[in-house]
Every structure is written in structure tokens, then in C-alpha cells.
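*Asks:* fold the following and give me the result.
(4 chains)
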There are 2 protein chains.
Amino acid sequence: MKVTNQNLQIDGIDKEILRALMEDARTPILEIARNVGISGAAIHQRLRKLEKSELISGSKFIINPKALGYTTMAFVGIYLDKAMSNPEAVKQLQKIPEVLECHYTTGNWSIFIKILCKDNEHLMHLLNKEIQSISGVSRTETFVSLQQQIDRQIKI
Amino acid sequence: MKVTNQNLQIDGIDKEILRALMEDARTPILEIARNVGISGAAIHQRLRKLEKSELISGSKFIINPKALGYTTMAFVGIYLDKAMSNPEAVKQLQKIPEVLECHYTTGNWSIFIKILCKDNEHLMHLLNKEIQSISGVSRTETFVSLQQQIDRQIKI
DNA sequence: GTTGAAACTTGTACGAG
DNA sequence: CTCGTACAAGTTTCAAC
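*Replies:* Model (predicted):
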């Protein structure tokens, strides 16, 4: 079965390859080849095709933030003064390493971010000192994640 | 119960290893060794130590959802009826592949999720058909991410 | 902790079906 | 698109420092 998305053609074998690598980026090509039942060279060539298309945007080691003492995740909705340009605020947020995601969203807030901190004190410092001190930020609304029950990529 | 290992000792070399692998999980050990200036065997041993500690929770290929036609990311705050148990709702959300993250948060909402969809029609379907039909869900509030400007892991 | 070397496994290129 | 082969490169183990 072939699925066409834009100009990209991904068949079942490509999906197998991606699924294996999405789970563990260091899975050897030859191991995938054995599981799928075609030669390593074929897998290799398909991988190159997939990389050349923009389907694969990289591979990453995932570190466990808890092991580093980062136990508190929170989402913060940020209100900006009308005069304040969004890109300028993002530039400032970029400098705060605890900011993991930053979105320009519809709705109440100008900016919506995900942050990771060590404890409540750390969270308070981030909110009151780091984020509130960015010029243009007028107000924030914070939601602490008590537990993350799902964390995954889109299914292929 | 396992206690998070706070007395983990990470030196500069470990950090170099992690930084290289966080950027590209397929970076060869020997390449890291050359950059750091110690032998491949030493890097290998350190990596095993890091993997045995719970600092590394895996490695993943990152696929670009846009190449699959998923262009719209949104956050949805979900209100649950008081009678509804959170775990049951999460179980239902787990079945929806477009739900990438699910958090139990403080604040207005019982559940806060991140979803990825192909277009506005798809988004509407998810909200009105998939999510609203979960028993116990009373109301939702949606924030569409028009642009994601930051996406990264915690700095080490 | 680190090392180099040995033994083994993978990655990659290429010609051919 | 796939394969087999062949060589380069990376991984893993281990005795020894």
C-alpha cells in the first residue's frame, strides 16, 4: 500500500524503517534489514532518500530531566503590551534555557511557553525575575503540570 | 521505589558526550572521542555508565510532521465533570494518535493536551468528534499554535 | 579512569540483475 | 528497487597501566 503525501511516497518498508528509528535512533541499519527481510544496502538507500526528503529532521538523545533535578514542568501564557513586538520577546525567551517551547498562539495570550524547572522556588524565580522582567511582558498565567501522562510523536 | 539519582557525577567529558548525542544521536563514538581527545573505549565506558544511570531515557529519530501534512499544532484545555476520573479520560486520549502530550495540570483545566493535525477541518473533527465524545468531557478551550519559535531540550 | 589492540559488527559505495 | 560483495569505519571487550 502506498501513501502519497505531497510529493513524498512512503511505502510499508519505509514506515518500518522510520518506526524502528523513531523508537531508537541507534538501531543498526542491518538489524532493521534483518527484521524487514531486505538487504542492508536497500535500507541504506531508502534512508538516504528519506533524509533527502524533509521527512526526517534529525535524531536526538533524550535525556531524563528528572535525573538532573528538573522535576517541575509548567506552561505559561504571556500577555504582551500592544506596543511590544513578538519577535523581540521571543529573542529574550530564547536566552532562558528553561524555556523549552515557545508558541505564537491564537486566543488570550500573545505567547505560550513550556518551561522546565527544578522546584517551585526555581519556578517562581523564572516567572518573577526572568520572564516578567522581559520588557513588554505585562502579565502571565501559569499552569503547572503535576504529571505528564502522554509524550510521543505523531504516528506514521 | 527508585530514588532519582541526585549524586550523579557528570564531568565535562560526560557533558561533551551528551551534547554531541543530544544534537545527533547517530554521532559515532569515535568521532566524539576525536573531538574530546580521549580514546573511543573511554567514551564507550562513560556512555554505558550514563545509560545505566537514568539520565538517558532513549534516542529518537525526529520526523518532520509538516512533511506528512500535519501543519497545525494546538493546545487544548479540557474540563472534566467532577464525577469523571482523570485516568479514564487519559486512557481515551491515548487512543487518539494526534494527541502528542497530555498533562494533569493545576488551574482551570483538568487535563491539558497538545495535538497535531493536518488542517482546520481535521482540528475541528478532533475537537468535536474525538475529544468531546469522551465521556466526562464537558468543555474545551483551544489555542492554535500559529508558529513554534522554540523547541529544545533542557541544557546540560 | 584510561589505554591500545583484537575480534566483531555496521556503514557505505558500486556494479549488476 | 534490490542484491552481493568488499572495504572502510565504528563498536565492544579485555588485559594492563
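
*Asks:* now name the helix or strand holding the most centrally placed residue in chain A.
*Replies:* In chain A, the centroid-proximal residue (C-alpha atoms, centre = their mean) is A:Glu101; its distance is 7.1 Å. A:Glu101 is located in strand A:99-105, with elements delineated by DSSP states H and E.

*Asks:* what does that strand rub up against?
*Replies:* A:86, A:90, A:93-94, A:110-116, B:73, B:75, B:143-154 (C-beta atoms under 8 Å, 6 or more residues apart in numbering or on different chains). Where C-beta positions appear, they are placed from N, C-alpha and C, glycine not excepted.

*Asks:* so what's the residue count around the closest residue in space to A:Val90 that isn't next to it in sequence?
*Replies:* Leaving aside its sequence neighbours, A:Val90 sits nearest to B:Gln149 (C-beta to C-beta, 6 or more residues apart in numbering or on different chains; 4.8 Å). When neighbours are counted by other C-beta atoms under 10 Å in any protein chain shown, B:Gln149 registers 19.

*Asks:* which SS state does B:Gln149 fall under?
*Replies:* strand (DSSP: H, G, I helix; E, B strand; the rest coil).

*Asks:* distance-wise, check it relative to B:Asn120.
*Replies:* Distance, B:Gln149 to B:Asn120, by C-beta to C-beta, to the nearest Å: 21 Å.

*Asks:* what residues does chain A put near DNA strand C?
*Replies:* A:28-31, A:40-41, A:44 (C-beta under 7 Å from any atom of the strand).

*Asks:* want to throw the residues you listed into JSON lines with pLDDT?
*Replies:* Listed next are those as JSON lines, based on pLDDT from 0 to 100:
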{"residue": "A:Pro28", "pLDDT": "97"}
{"residue": "A:Ile29", "pLDDT": "97"}
{"residue": "A:Leu30", "pLDDT": "97"}
{"residue": "A:Glu31", "pLDDT": "96"}
{"residue": "A:Gly40", "pLDDT": "96"}
{"residue": "A:Ala41", "pLDDT": "97"}
{"residue": "A:His44", "pLDDT": "97"}
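
*Asks:* ok, those residues vs B:Gly12, which is closest?
*Replies:* The shortest gap between B:Gly12 and any of the residues of chain A next to DNA strand C belongs to A:Pro28, at 29.5 Å (C-beta to C-beta).

*Asks:* helix, strand or coil for the nearest residue to A:Pro97 once chain neighbours are set aside?
*Replies:* Leaving out its chain neighbours, the residue that sits closest to A:Pro97 by C-beta to C-beta, 6+ apart is B:Lys155, at 4.1 Å. When classified by three-state DSSP, B:Lys155 comes out as coil.

*Asks:* what pLDDT does the model give B:Lys155?
*Replies:* Listed pLDDT for B:Lys155 reads 96.

*Asks:* what do you get for A:Glu54?
*Replies:* For A:Glu54, pLDDT reads 89.

*Asks:* against A:Gln45, how distant is the residue of chain A found nearest DNA strand C?
*Replies:* As assessed by C-beta to the nearest atom of the strand, DNA strand C sits closest to A:Ile29 within chain A, at 3.1 Å. Distance, A:Ile29 to A:Gln45, using C-beta to C-beta: 10 Å.

*Asks:* more neighbours: those two, which one.
*Replies:* More crowded of A:Ile29 and A:Gln45, by other C-beta under 10 Å: A:Ile29, with 17 against 11.

*Asks:* tell me the contacts of the more buried one?
*Replies:* A:Ile29 neighbours (C-beta under 8 Å, 6+ apart): A:40, A:43-44, A:47.

*Asks:* quick one: those as TSV, columns for distance to DNA strand D too.
*Replies:* As requested, those are exported to TSV (distance: C-beta to the nearest atom of the strand, whole Å):
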residue	distance to DNA strand D
A:Gly40	7
A:Ile43	8
A:His44	8
A:Leu47	11
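
*Asks:* how many neighbours does A:Ser145 have?
*Replies:* Residues contacting A:Ser145 under the criterion other C-beta under 10 Å number 19.

*Asks:* is it correct that A:Glu141 falls within a helix?
*Replies:* No - the assignment for A:Glu141, made by three-state DSSP, is strand rather than a helix.

*Asks:* read off the pLDDT value for it.
*Replies:* Looking at A:Glu141, its pLDDT reads 97.

*Asks:* distance check, it against A:His122.
*Replies:* 18 Å.

*Asks:* equivalent analysis for A:Lys114, please.
*Replies:* Using C-beta to C-beta, A:Lys114 is found at 15 Å from A:His122.
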